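Requesting a structural model of the entry that follows:
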Amino acid sequence: MSPLTYIIGWPFFAAILLLLVPRNFRPVLRAVAILATFISAVLALKMFLQFHTGALGYQFEQQIPWVTRLGISYHVGVDGINVGLILMGAIVAFASACVSWEIKERDKEFYILLLVMTGGILGAFASLDLFFFYFFHELALVPTFIMIGVWGRGEQKNYATFQITLYLSIGALIALIGLIALYLQAGANTFDIPELAKHIREHPLATGAQNFIFPLLLFGFGILVSLWPFHTWAPLGYASAPTATAMLHAGVLKKFGLYGLIRIALPLLPQAAQHWTPILAWLCLGNLVYCGWVAMRQKDFNRLIGYSSVAHMGFVFLGIATLNVIGVTGAVLVMIAHGFLAALTFGLSGYLYQQTGTLQIDRLGGLLRRLPFIGGALMMAAFAGCGLPGFANFAGEITVFFGAWKVFPVVTVLACWGALIIGAVYMLRAIRALLHGPLPDQWAGVADAHFWRKVPFILLLACLLLFGCFPRLLTDKIVPSVKENAVVILLNR
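Predicted structure coming up:
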């Protein structure tokens, strides 16, 4: 049996186990959730280390036929594109379970939903079957809506729940129409992604069919990723979400749409990709520049982080739009780096909220005196978000820029301005307001994190630094898979 099945299965098994645990056994509920996500993270790390760098094809595969008449099967496997995403997702899930100590009521239901969300996320990234690829994503998406509606915070949490449900449901529906159209037009009678790719290479789809399907996938997945101008659900949704939910969704689940574009849309619809990616390149400036401007105006720190997360998605869209090895490799690097960064920043902001009861920037200040560890970690997260060398974000962003300069020089210049100038201004200004200056008397009693509450933050920071200082741990795996999966379109750019 593939280790991927265990990585996916442990959270689901733990969720079923929690159904049998009485709700007044709160330490047991929390321990089971942490243990299950820890086991998945350890197995994901072991798989990452055992992955044969440079080997072609999928590794750790397992396929079990399900609905043979339609060509649906449980098929999982990894290559260089998704092995790092699964590792990142498992680590973020463990960190999310660790910070869930803030949940004080209905914690049994919360941990069950958190585990189902985790299993769905890992399943979506591991699936090599279109049906289960989409099914696992929906399995992870539904708990998001419930968790924001029940355990969310702020006066606008109900509005945020309705908005995120509406936007993401529409995006998922558009993507589903595109996937069904791809299945029907291919005529291969299989949902298996490798088989579909092989069939379409031998029998390419007509240009008209490609130009119909590709925008459905582009904008369907784009809405799920908060592509500008369909981004407004994200900042409010993350600001209203419980800390663990924001960490998992912003850090991991939002990458599903990006992964879908790289795994499915680009290699299977190459002619349409050449037509639509220049449009995508210009749209990504809305993420990088416009959302950066809006972030500068935010008074709530969680909303600022939310807009920053939306802005960072622009790097990935730009890398995808290049249709070359360097750009797409950089896009995957940014996806992994941003997963760790988003989880870290939302986790730290959640700690600040638990200590102060507010994230209004103008009400805080001088917190570094009382919170040296949390403040120091927050400054490092800000530096990573600004693209400081030594962090994984820098490696991904600079790679994207190298790939984009060959194809979209004007867009690249504007993107650099948005990333380096605007991003640095809003993030460093927020850090100055939160951590430096005089300490208001009402925050004199806040306490820094003890050892066990530092663990998830240390782990996420260590991952950012490890892959920032040694990006070849990822790129050596990503590049061969990018080439093999025909992500590089025939047009030599």
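
Only C-alpha atoms from now on, for both contacts and neighbour counts.
Noted.

what's the span of stretch 291-301, first residue to last?
Length of stretch 291-301, first residue to last, CA to CA, to the nearest Å: 15 Å.

Give me the residues contacting it.
Contacting residues not belonging to stretch 291-301 are listed as 303-305, 307-308, 310-311, 349, 359-362, 418, 422-423, 425-426, 430 [CA atoms under 8 Å, 6 or more residues apart in numbering].

Show me where the stretch 1-150 of the chain has its helices.
With DSSP state H, counting those that start in this stretch, the ranges of helices along the stretch 1-150 of the chain come out as 3-19, 26-50, 83-98, 107-126, 130-151.

Need the ones you listed in JSON lines (columns: mean pLDDT).
Shown next, in JSON lines, are the helices of the stretch 1-150 of the chain (pLDDT from 0 to 100):
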{"stretch": "helix 3-19", "mean pLDDT": "93"}
{"stretch": "helix 26-50", "mean pLDDT": "93"}
{"stretch": "helix 83-98", "mean pLDDT": "94"}
{"stretch": "helix 107-126", "mean pLDDT": "93"}
{"stretch": "helix 130-151", "mean pLDDT": "89"}
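
closest one to L268 among those helices?
Proximity to L268 (CA to CA) singles out helix 130-151 among the helices of the stretch 1-150 of the chain, at 12.7 Å.

so what does that closest one touch, helix or strand wise?
If you count contacts as 3 or more CA pairs under 8 Å, 6 or more residues apart in numbering; DSSP states H and E, helix 130-151 packs onto strand 72-78, helix 107-126, helix 157-186, helix 243-248.

Let's see that with 10 Å instead.
When contacts are defined as 3 or more CA pairs under 10 Å, 6 or more residues apart in numbering; DSSP states H and E, helix 130-151 packs onto strand 72-78, helix 107-126, helix 157-186, helix 193-202, helix 233-240, helix 243-248, helix 255-260.

mind giving me TSV with the helices of the stretch 1-150 of the chain and columns for distance to L56 and mean neighbour count?
Listed next are these as TSV, based on distance: least, CA to CA, whole Å; neighbours: other CA atoms under 10 Å:
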stretch	distance to L56	mean neighbour count
helix 3-19	18	20
helix 26-50	14	19
helix 83-98	13	27
helix 107-126	17	26
helix 130-151	21	21
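
what's the angle from the helix or strand encompassing C463 to helix 83-98?
Using DSSP states H and E, C463 maps to helix 451-469. Computed by axes from the mean of the first three to the mean of the last three CA atoms, to 10 degrees, the angle separating helix 451-469 from helix 83-98 equals 160 degrees.

What residues of helix 451-469 count as buried?
Burial within helix 451-469, assessed by neighbour count using 16 or more other CA atoms under 10 Å, is assigned to 454, 456-461, 463-465, 467-469.

Show residues contacting the helix or strand following that helix.
For helix 451-469, the succeeding helix or strand toward the C-terminus, using DSSP H and E, is helix 472-484. Helix 472-484 has contacts (CA atoms under 10 Å, 6 or more residues apart in numbering) with 48-49, 51-58, 78-84, 262-263, 267, 324-326, 328-330, 332-333, 336, 395-396, 466-467, 487-489.

What's the per-residue pLDDT of A486 here?
Looking at A486, its pLDDT reads 53.

same question, L491
Reported pLDDT for L491: 42.

could I get the helices and strands packed on helix 130-151 as a markdown table with distance to L139?
As requested, those are exported to a markdown table (distance: least, CA to CA, whole Å):
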| stretch | distance to L139 |
| --- | --- |
| strand 72-78 | 15 |
| helix 107-126 | 5 |
| helix 157-186 | 12 |
| helix 193-202 | 20 |
| helix 233-240 | 18 |
| helix 243-248 | 14 |
| helix 255-260 | 13 |
